[in-house]
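Colleague: Predicted model, plus sequence, below.
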Amino acid sequence: MCQKWNSREEQDIAERNKQNRTHQNMTYRRGRTGIYQLKDDFVKTHQREPDRIEVFKMGRCKDLPDGTQQWVDDESRDRFEKMTTPSLQSDDAAPVLAEDAFIAVMGRDRPGRVRCAGKAETLRTWYGRGEGSSSSGGHHTQVQQQLQDQNKKMEELCAERSRDRQELQDLCAERSRDRQELQDLRSQMSEMRAFMQQYTTQPSQPSRLGRELECEESDESADDYDDDD
């Protein structure tokens with residue numbers, strides 16, 4: 001192991017990393033607590049994943065017991081204030097997403113790397129799909145929200161159509177009942193009309209009795225006439 005670290009190749013790598021660190025600003029300074037542990041603690045506390053601005057802050061700012069905040073340097077604090085300043089918000093549009101505010105201050109992600117999210121984080125693991133830029137992540141979030149709104153609107157339209165269909169079915173059933181009642185009424189009227197016609201064509205019982213009485217009286221009168229002779 002000592003021979004490995006004392007090799008010329010490893011010494012060159014260490015020297016190159018040392019020089020690279022001299023060009024870095026806003027470095028991660030949270031001691032042995034890694035960014036992934038900080039993100040896990042954030043999820044347990046807030047029951048959600050942190051956004052890019054919150055990840056930037058948790059790696060460069062520490063909350064002190066007295067309620068104040070300690071930033072690793074002024075540059076980190078200034079950039080955080082720019083990300084959260086109201087000047088980034090548009091007057092004629094919806095509030096700027098945290099992803100877009102982060103891009104406006106820090107710039108776009110380089111290929112294969114997510115800025116300020118840890119060395120092991122890649123675009124694929126951060127955004128969940130594809131190798132896109134951080135702007136594509138914000139666009140993906142907007143598209144998801146639009147799809148959710150469209151699905152909700154579609155569900156409302158389907159529910160409204162279902163209610164209209166039910167009302168139409170109820171109206172058709174009511175018209176069918178009215179039609180049946182009308183047919184029944186017509187049938188009853190037809191039966192009554194037939195009965196009345198039958199009643200008017202047949203002689204009544206009193207008329208037959210009257211004619212029979214007239215015939216009997218005529219016979220009696222004829223008999224009386226014969227007796228007089």
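Modeller: Noted; the coordinates are in hand.
Colleague: Counting by contacts, list what the longest helix anywhere in the chain packs against.
Modeller: When every helix of the chain is counted residue by residue (DSSP state H), the longest turns out to be helix 134-201. In this structure, helix 134-201 packs against helix 98-106, helix 123-127, with contacts taken as 3 or more CB pairs under 8 Å, 6 or more residues apart in numbering; DSSP states H and E. Heads up, the C-betas are built off the backbone N, CA and C, glycines and all.
Colleague: burial count for residue 76?
Modeller: Around residue 76 sit 21 other residues, with neighbours defined as other CB atoms under 10 Å.
Colleague: For it, pull up the helix or strand it's in.
Modeller: Here residue 76 sits within helix 74-84, counting by DSSP states H and E.
Colleague: what pLDDT, on average, does that helix get?
Modeller: Averaged across helix 74-84, pLDDT comes to 87.
Colleague: Please identify the most buried of the helices and strands packed on helix 134-201.
Modeller: Of all these, helix 98-106 carries the top mean neighbour count, a mean of 19, counting by mean count of other CB atoms under 10 Å.
Colleague: what residues go with each domain of this structure?
Modeller: When the chain is parsed into structural domains using automatic domain parsing, the resulting residue ranges are 2-132, 147-201.
Colleague: most tightly surrounded among those domains?
Modeller: Among the domains of the chain, highest average neighbours (mean count of other CB under 10 Å) belong to domain 2-132, with a mean of 13.
Colleague: next helix or strand past the helix or strand that contains residue 14?
Modeller: Residue 14 belongs to helix 8-22 when elements are defined using DSSP H and E. Moving toward the C-terminus from helix 8-22, the next helix or strand (DSSP H and E) is helix 35-46.
Colleague: What is that following helix packed up against?
Modeller: Contacting helix 35-46 under the criterion 3+ CB pairs under 8 Å, 6+ apart are the following elements: helix 52-58.
Colleague: other SSEs contacting the helix it packs on?
Modeller: Applying 3+ CB pairs under 8 Å, 6+ apart, one finds that helix 52-58 contacts helix 35-46, helix 74-84, helix 98-106.
Colleague: tell me the average confidence for it?
Modeller: Taken as a whole, helix 52-58 has an average pLDDT of 85.
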